[in-house]
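>>> okay, predicted coordinates and the sequence, questions at the end:
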Amino acid sequence: MKYFLVLILVVSLLNCSNEEEIITTTSSGDESTYFPPINSNEWETKSPESLNWNTSNLNDLYTFLEEKNSKSFIILHKGKIVVEYYMNNHTEASLWYWASAGKTLTTAVTGIAQDNAFLNINNKVSDYLGTGWTNATLEQENLITCKNLLNMTSGLDDTLGDDTSPGNLQYLSDANTRWAYHNVYVKLQDIVASATNQTWNNYFESALKNRIGMSGSWIPLNDLSVYWSNTRSMARFGLLSSKNGKWDNTQVISESFLDQATNTSQNINNAYGYLWWLNGKQNFHLPQSQIQFNGELIPNAPTDMYCALGKNDQKIYIIPSKDLVLVRMGNTADSDNFGLSTFDNDLWEKINNVIN
């Protein structure tokens, strides 16, 4: 009899291995992560009740989101959709801009290019773009590495607007001596293009977008290109990041690079990685300010949270301890901002009323 039961178990396991999108379990019985299929709109869901969430507060969260000019909101748990809500004439198919939350896409692709030995973030920017890419002296310019663009310590003047032409990239201090939110990070896209001998768009699509089934495209806006996609594509990228750069059984971005990217990257702004914002630090700096603020970035949010924050409240929140990814797209909740706003803390108060 026991041999018969073993045979049944083996056959069952073989059958499961041939089915797509099967959710396996670990030895402890914990549900493993689900990854939605790359070439399909299908996405498995689970109910808030299955997580013992306080569903009586969901309507309050939805009302708050709608009143704060949101267009979409998603919560993933272990990859499955638990909450997906569209409002203010937005739908699952609608496209919206990521704004500076899309900086983290540049981080990811830079990491992939380094993983594939096309570049090294510790090298000088001029190794890839040639000298004269700034208005600084050669000595000053040669201090600036790719890593300085990733962690906002280039030392270039951040008060001169979005233009990243050489004449507008003026020296203010030596690299690594000053943290300042600066659109010079976009030069990383030129670095990737030069290093890979491809256009930025082509490398982005083959290295990242197509490998995780994202929609969307880069659309020029003033002196920058801004990424537009549907909300689920933003959630896909959040899921990849939350799983240490792994999509299903494929390591898309190395875990070591993402670990660097999502931890403090310099000794000035503790709440900043490689274009990712970090919660739970003792102090932080904000864009267009050299003031150090004491306390956590978003006090109501989990301390281990890291996030992509875009202008007018585009958000990707990742909480490793809870295995959650949250996405918010929409118009500005209250007033124009670079990414972080009081809305973050107010939103997390509402979220906590549901998930805790």
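Thanks, I have the structure now. Just so we're clear, the structure is a prediction, and the values are computed from it rather than from any experiment.

>>> and stretch 166-186, how far out from the chain's middle?
Centroid separation for stretch 166-186 versus its chain: 22 Å, with C-alpha atoms, centre = their mean, to the nearest Å.

>>> buried residues in it, which are they?
Using 16 or more other C-beta atoms under 10 Å as the test for burial, stretch 166-186 gives 168-169, 171-172, 175-176, 178-186. C-beta here means a position set from N, CA and C on the backbone, and glycine is covered the same way.

>>> between the two ends of that stretch, how far is it?
For stretch 166-186, the separation between the terminal residues is 13 Å (C-alpha to C-alpha, to the nearest Å).

>>> wait, residue 167 sits on residue 135?
Yes: with contact defined as C-beta atoms under 8 Å, residue 167 counts as touching residue 135 (5.5 Å).

>>> wait, residue 147 touches residue 124, no?
No: assessed by C-beta under 8 Å, residue 147 is found out of contact with residue 124, at 10.3 Å.

>>> between those two, who's got more neighbours?
Applying other C-beta atoms under 10 Å to residue 147 and residue 124 shows that residue 147 carries more neighbours, namely 21 against 17.

>>> where does residue 105 fall, secondary structure wise?
In the assignment (DSSP states H and E), residue 105 maps to helix 103-115.

>>> how about the helices in this structure?
Ranges of helices within the chain are 2-17, 58-67, 103-115, 126-129, 138-141, 146-151, 187-196, 200-204, 210-212, 231-242, 255-261, 342-355, based on DSSP state H.

>>> is it possible to export these to TSV including mean pLDDT and distance to residue 249?
Putting the helices of the chain into TSV (pLDDT from 0 to 100; distance: least, C-beta to C-beta, whole Å) gives the following:
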stretch	mean pLDDT	distance to residue 249
helix 2-17	34	12
helix 58-67	98	34
helix 103-115	98	17
helix 126-129	98	32
helix 138-141	98	43
helix 146-151	98	28
helix 187-196	98	25
helix 200-204	98	22
helix 210-212	98	12
helix 231-242	98	13
helix 255-261	98	14
helix 342-355	97	29
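
>>> out of those, which gets nearest to residue 301?
helix 342-355 (4.5 Å; C-beta to C-beta).

>>> which other helices and strands does that closest one contact?
The contact analysis (3 or more C-beta pairs under 8 Å, 6 or more residues apart in numbering; DSSP states H and E) places helix 342-355 against helix 58-67, strand 324-330.

>>> contacts for the shortest one?
Surrounding strand 324-330, the residues in contact under the criterion C-beta atoms under 8 Å, 6 or more residues apart in numbering are 65, 68-77, 88, 90, 96, 231, 234-235, 238-239, 242, 312-319, 347, 351, 355.

>>> show me just the buried residues among those.
Among the contacts of strand 324-330, those classed as buried by 16+ other C-beta under 10 Å are 65, 68-77, 90, 96, 231, 234-235, 238-239, 242, 312-319, 347, 351, 355.

>>> the helix holding residue 105 to helix 187-196, inter-axis angle?
Counting by axes from the mean of the first three to the mean of the last three C-alpha atoms, to 10 degrees, helix 103-115 lies at 30 degrees to helix 187-196.

>>> what's the angle from helix 103-115 to helix 231-242?
Using the same axes, to 10 degrees: helix 103-115 against helix 231-242 is 50 degrees.

>>> now do helix 103-115: everything it contacts.
Contact partners of helix 103-115, identified using C-beta under 8 Å, 6+ apart, comprise 98, 119-121, 146, 150, 185-186, 188-189, 191-192, 195-196, 203-204, 207-208, 227, 237, 240-241, 245, 252-254, 257-258, 261, 274-276, 308, 310, 316.
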